[in-house]
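*Asks:* Fold the stuff below for me.
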Amino acid sequence: MADTDFTSAPKDSGSAHKPLIYDLLNRLNASFARVHRNMEALEAVGIFDPLMMQNLNRQHEQLRAGANYHLLGAMRRIEERDRERFS
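*Replies:* Here you go, the predicted structure:
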């Protein structure tokens, strides 16, 4: 598993790539939203086990929330470092 502690990284690590990173995070979340809409459409068809669909939706939401938590946490550290550097 990758190390998520960036304390040993250079101070400008990630700063130069922030626009790209935020764009990619936006795309990732748009993809999660698309998955959610497609799951709802599949559930509306009515042929799939409702409990299984609920379980799959919970897993999807857990993955989305976990990804955002960890990825945005890393960005928060970069933003805090930049705030300190530029203040």
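*Asks:* alpha carbons only for contacts and neighbour counts from here, please
*Replies:* OK.
*Asks:* so where do the helices sit in the chain?
*Replies:* 18-45, 50-86 (DSSP state H).
*Asks:* Spatially central residue in the protein, please.
*Replies:* N68 (2.9 Å; Cα atoms, centre = their mean).
*Asks:* Make JSON lines from the helices of the chain and add mean pLDDT to it.
*Replies:* Shown next, in JSON lines, are those (pLDDT from 0 to 100):
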{"stretch": "helix 18-45", "mean pLDDT": "97"}
{"stretch": "helix 50-86", "mean pLDDT": "96"}
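*Asks:* Identify the residues contacting the residue nearest to the centre of the chain.
*Replies:* N68 makes no contacts at all, as judged by Cα atoms under 8 Å, 6 or more residues apart in numbering.
*Asks:* how about stretch 55-69: buried residues?
*Replies:* Across stretch 55-69, burial judged by 16 or more other Cα atoms under 10 Å covers N57, H60, R64.
*Asks:* Quick one: residues contacting the first one.
*Replies:* Going by Cα under 8 Å, 6+ apart, N57 touches H36, M39.
*Asks:* That one and D49: what is the separation?
*Replies:* Separation of N57 from D49 (Cα to Cα, to the nearest Å) stands at 12 Å.
*Asks:* what do you get for the second one?
*Replies:* Taking Cα to Cα as the measure, H60 and D49 are separated by 16 Å.
*Asks:* from the buried residues of stretch 55-69, which is closest to R81?
*Replies:* Lowest distance from R81 to the buried residues of stretch 55-69 (Cα to Cα) belongs to R64, with 25.7 Å.
*Asks:* Quick check: that closest one touching F32?
*Replies:* Yes - using Cα atoms under 8 Å, R64 makes contact with F32 at a distance of 6.7 Å.
*Asks:* quick one: common contacting residues for those two?
*Replies:* Counting by Cα under 8 Å, 6+ apart, R64 and F32 have no shared contacts at all.
*Asks:* Nearest to I21 among the buried residues of stretch 55-69?
*Replies:* R64 (16.5 Å).
*Asks:* so who does that closest one touch?
*Replies:* Counting by Cα under 8 Å, 6+ apart, R64 has contacts N29, F32.
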